[in-house]
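Asks: got a predicted structure here, sequence first:
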Amino acid sequence: MQIQAEERGWLRLRNAFSTLMENRNFLGFLLVIPAEAILFIFLAYPFILGLWLGFTDTVIGRKGDFIGVGNYVSLLKDSTFWLVTYNTFLYTIVAVLFKAILGFVLAIILNRDFKAKGLVRAIILLPWIIPTALSAIVFWWLYDSTFSAISWSLIKMGLINHKIDFLGDPTNARISLIVANVWRGIPFFTIGLLAGLQTIDPTLYEAAAIDGAGSWKRFRRITLPLILPLLAVITTFSTIWTFGDFQLVWVITKGGPANATHLFGTLSFQRAIPGGHFGEGAAISNFILPILVLCVLISFKYLKRED
Amino acid sequence: MKEKNGLTRRDFLKSTAVGIAGAGLASLPFESVAQKGVEPPPLKPEKDAVLRVLRWEVFVQGDKDLWNKNTKKWEETTGCKVMTEYISWEDVRPKAAMAASVGAGHDIVLGWHDDPHLYPDKLLDVTDIATYLGKKYGGWEPVCYKYAINPRTNRWIAIPMGGPVNCINYRESWVKEVGYEKPPSNIFEFIKMCKKLKEKGHPPGFALGHAVGDGNNWTHHWLWAFGGKCVDKDANVVINSPETWNALEAVRELYDTLIPGTASWLDPHNNKAFLAGEISVTTNGISIYAAAKGKWPEIANDMNHVNMPIGPVGKPTELHLFNQAFIFKYTRFPNACKHYLMFMLEEPQAAPWINAMIGYVGPSLKDYKKLPIWTSDPKITPFRDCIANMLWNGYEGPEGPASAAAMAEYVVVDLIGDVCVRGKSPKEAARIAEQRLLRYYKKKVSVPKKEAPAPAKKEVPAAPKK
């Protein structure tokens, strides 16, 4: 009798298991666990840890205590933080705007038929492919107060009579860094938009041309509306990257002169790692979060519309 | 102006390496500087110990060669093993802090400035070897006591290894041209000389960007020279003072004489500008001279060094990078660690090591100033005295997380930058710096309860009163 009961129990368990395995929801869940685990360990955990650290007074070598919004209150009273907020917004808005305009123009030019089209398109990608740290060093030399090739060329051409102080003056330094960022970011817009432009049905343009639409009208009425969702998504991504930029600034100016080029990313690193105040550094990073969430929401909206 | 045309970026990078390597090879006569009859503490390295050492990637090849050679010698003497990891000097702090946090990792770290004071309770007491080395080699330079002793316990928690030190680097012919034999040691006279140099078309240049070494060093020196300081002995923020305003008024005069662009300078810029013949005076380690000897002998012949000028306070107020070795308590081989550090600073090892660094790293033990390297070339001699002339980061307060953060935040560099670059008034700039310092110094770091101040033992040498 006992054996029969055991067998029945076993059978029931097996049945339950096979029913479970046939349940698509459960199986689906089971199959994505490995991917979820990787995402959790390498993305979610550090992210949550960063959030948590922002609410503590952790300094290097010591465990911190929970201090609520202490770091945030203290940052809001910090003039350097406000300067950095201003820098970051200025940097992002101006750089993304120029990247978008120039990238779009370049994409339209490249969308035409000409010789060696493929080669030119490949070359356009170069600034994007080169590691940022490397291109940052190139710009560091180009902007050097002693050895700048730009100053040297302009002096040799007789256009200026003294070297340009690219990075020593706060305004110049900001412009110089934005130029470097724009140079690096244009290809992303160009290639992305080029792909979009190529999906536009040429018959639309033909029909419009027959109806007597000029090139500006065709651009306004056909190209722009069709490319707008893609442009929005690309702009959002670019905004996210530009807002969190670190490498260019850290290599070229380390945030100087007098903090004129510090961004959220660089200030956060400076305070957390060399400065040893992990909690405060994390809090500065967390200030980026609402902006990024907003960007992601906008991006989602347009992605959905594309569907 | 010949040298200006001859210098390219590639040349600069190459020659630095060549000059350093060439100079490092010079072998120098050997004469003992050690005091006799001082007994080392009885340390018996644990059998088959394996030590993991973290240190900064060297500035001079001779440093690494001799450090590794001495390490090998220790391995042969004791039968233990050492695994040395060299990393970029700016990365030592986070890595060491990680080890302190998790309680595992390297046994010995060669760190910077305030590092031991960020986690003093995690470090092994090295009072015995510090006392022994001090007695045997003429005592430690005054600043070592501040850097290496935990003020709460009055015990040594680190062994000062010395510092890559800075001097005024100048072009002799140009300085003579404006009527000076060498740059004056009086800071006001020094400014006058800079004005004349600028008029002659040979401006000076000092790094005023976020230059970790060069920027922090000269700006702190300048502030202290006028009696300004970030905090007092009890860590009260006192930067907004008449002394600071005076320092800022004076630095504005100095800044007007500098070559354009110094506000953007990071650590390598002044080296390049000096070697290109663009500037007449700067503050730097011996690297410019070493590079010049290799590739631009005409500059090497025409350049020289003096210690930093002295301000109204009437005594040297230099700041230099400061390096110290510390051992984590979690090590399984405390005796071997201590024995290793002691061995490395004993004369048979330390003398050739310091000689091989050709003046880059000033010694922390007084008798090592008698080594022949310091007089082998009179142009190296000023670097010998830098550690003796220096104050500590966070002067006149305690070492700790606040002083480390203030330096990492470039508070003093920006204080001077605010006046010179952003055109703020000295009072306004001092007020901004005060606010920034208050953010760190108001947060008093709580003292761990288990670390009640222990009574000082007899073997601890008291810091000399200045």
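Replies: Nice, thanks for sending it over.

Asks: check contacts around residue A:78.
Replies: The contact partners of residue A:78, by Cβ atoms under 8 Å, 6 or more residues apart in numbering or on different chains, come to B:435-436, B:439. Backbone N, C-alpha and C define where each C-beta goes, glycine included.

Asks: how much space separates it from residue B:411?
Replies: Separation of residue A:78 from residue B:411 (Cβ to Cβ, to the nearest Å): 12 Å.

Asks: quick check: domain ranges of the chain?
Replies: No chain specified, so I'll use chain A. Split into domains by automatic domain parsing, chain A comes to A:2-53, A:70-306.

Asks: nope, chain B
Replies: For chain B, automatic domain parsing gives the domain ranges B:2-23+B:166-319+B:393-441, B:50-164+B:322-377.

Asks: now the closest residue to chain A within the stretch 51-200 of chain B. Nearest residue, chain neighbours left out?
Replies: Residue nearest to chain A within the stretch 51-200 of chain B (Cβ to the nearest Cβ): residue B:119, separated by 3.3 Å. For residue B:119, ignoring the flanking residues on the chain, the nearest one in space by Cβ to Cβ, 6 or more residues apart in numbering or on different chains is residue A:61 at 3.3 Å.

Asks: tell me which element the one you found falls in.
Replies: Following DSSP states H and E, one finds residue A:61 outside all helices and strands.

Asks: and for the one 3 residues further on?
Replies: Element membership for residue A:64 (DSSP H and E) is empty, with no helix or strand holding it.

Asks: find the residue closest to it in space, skipping its chain neighbours.
Replies: Leaving aside its sequence neighbours, residue A:64 sits nearest to residue A:58 (Cβ to Cβ, 6+ apart; 3.0 Å).

Asks: follow-up on the earlier one: out of the domains of chain A, which gets nearest to residue B:176?
Replies: Closest to residue B:176 of the domains of chain A, according to Cβ to Cβ: domain A:70-306, at 24.0 Å.

Asks: quick revisit: which pLDDT value goes with the residue nearest to residue A:64?
Replies: For residue A:58, the model assigns a pLDDT of 87.

Asks: quick one: it is in a helix?
Replies: No: counting by DSSP: H, G, I helix; E, B strand; the rest coil, residue A:58 is not part of a helix but coil.

Asks: for it, list the residues it contacts.
Replies: Contacts for residue A:58 (Cβ under 8 Å, 6+ apart) come out as A:64, A:277-279, A:282.

Asks: can you show me the strands along chain B?
Replies: B:50-56, B:81-87, B:108-112, B:149-150, B:155-156, B:159-164, B:167-171, B:281-284, B:303-306, B:323-327, B:361-362 (DSSP state E).

Asks: which of these sits most buried?
Replies: strand B:361-362 (a mean of 28; mean count of other Cβ atoms under 10 Å in any protein chain shown).

Asks: what's that strand in contact with?
Replies: Contacts of strand B:361-362 (Cβ under 8 Å, 6+ apart): B:60, B:63, B:161-165, B:320, B:323, B:354, B:383-387.

Asks: ok, now stretch B:375-391?
Replies: Contacts of stretch B:375-391 (Cβ under 8 Å, 6+ apart): B:26, B:28, B:141-143, B:162-163, B:165-167, B:220, B:224, B:285-286, B:289, B:303-308, B:316-320, B:322, B:358-360, B:362-364, B:366, B:369, B:373-374.

Asks: narrow those to just the buried residues.
Replies: B:28, B:141-143, B:162-163, B:165-167, B:220, B:224, B:285-286, B:289, B:303-308, B:316-320, B:322, B:358-360, B:362-364, B:366, B:369, B:373-374 (16 or more other Cβ atoms under 10 Å in any protein chain shown).

Asks: in helices, which of those residues fall?
Replies: Judged by DSSP state H, the subset of the buried ones among the contacts of stretch B:375-391 located in helices is B:142-143, B:220, B:224, B:289, B:373-374.

Asks: widest-spaced pair of these?
Replies: Pairwise distances across these peak at 28.3 Å for B:224 and B:373 (criterion: Cβ to Cβ).

Asks: how about residue A:26, what does it touch?
Replies: Each residue near residue A:26 by Cβ under 8 Å, 6+ apart is listed here: residue A:20.

Asks: my bad, residue B:54
Replies: Contact analysis of residue B:54 by Cβ under 8 Å, 6+ apart lists B:85, B:87, B:92, B:95-96, B:99, B:105-106, B:108-110.

Asks: try 6 Å this time
Replies: B:85, B:106, B:109 (Cβ atoms under 6 Å, 6 or more residues apart in numbering or on different chains).

Asks: name whatever forms a beta bridge with the first one.
Replies: The one in question is residue B:85. Note on residue B:85: beta-bridge partners by DSSP bridges are residue B:54.

Asks: state the distance from it to residue B:154.
Replies: Distance from residue B:85 to residue B:154, by Cβ to Cβ: 32 Å.

Asks: so where does the residue in chain A positioned nearest to chain B fall, helix or strand?
Replies: Nearest residue of chain A to chain B, counting by Cβ to the nearest Cβ: residue A:145, 2.6 Å away. Counting by DSSP H and E, no helix or strand carries residue A:145.

Asks: was I right about it contacting residue B:262?
Replies: No: using Cβ atoms under 6 Å as the test, residue A:145 is too far from residue B:262 to be in contact (7.5 Å).

Asks: neighbour count: these two, which is higher?
Replies: Legend: neighbour count by other Cβ atoms under 10 Å in any protein chain shown for residue A:145 and residue B:262, higher for residue B:262 (29 against 25).

Asks: wouldn't the more buried one be in contact with residue B:208 here?
Replies: Yes: between residue B:262 and residue B:208 there is a contact at 4.8 Å, judged by Cβ under 6 Å.

Asks: picking up where we left off before, got a ChimeraX select line for the buried ones in the contacts of residue A:78?
Replies: ChimeraX command restricting the contacts of residue A:78 to the buried ones, with burial defined by 16+ other Cβ under 10 Å:
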select /B:435,436,439
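
Asks: columns distance to chain A and pLDDT on top of the contacts of residue A:78, output as JSON lines?
Replies: Shown next, in JSON lines, are the contacts of residue A:78 (distance: Cβ to the nearest Cβ, whole Å; pLDDT from 0 to 100):
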{"residue": "B:435", "distance to chain A": "6", "pLDDT": "90"}
{"residue": "B:436", "distance to chain A": "6", "pLDDT": "89"}
{"residue": "B:439", "distance to chain A": "6", "pLDDT": "86"}
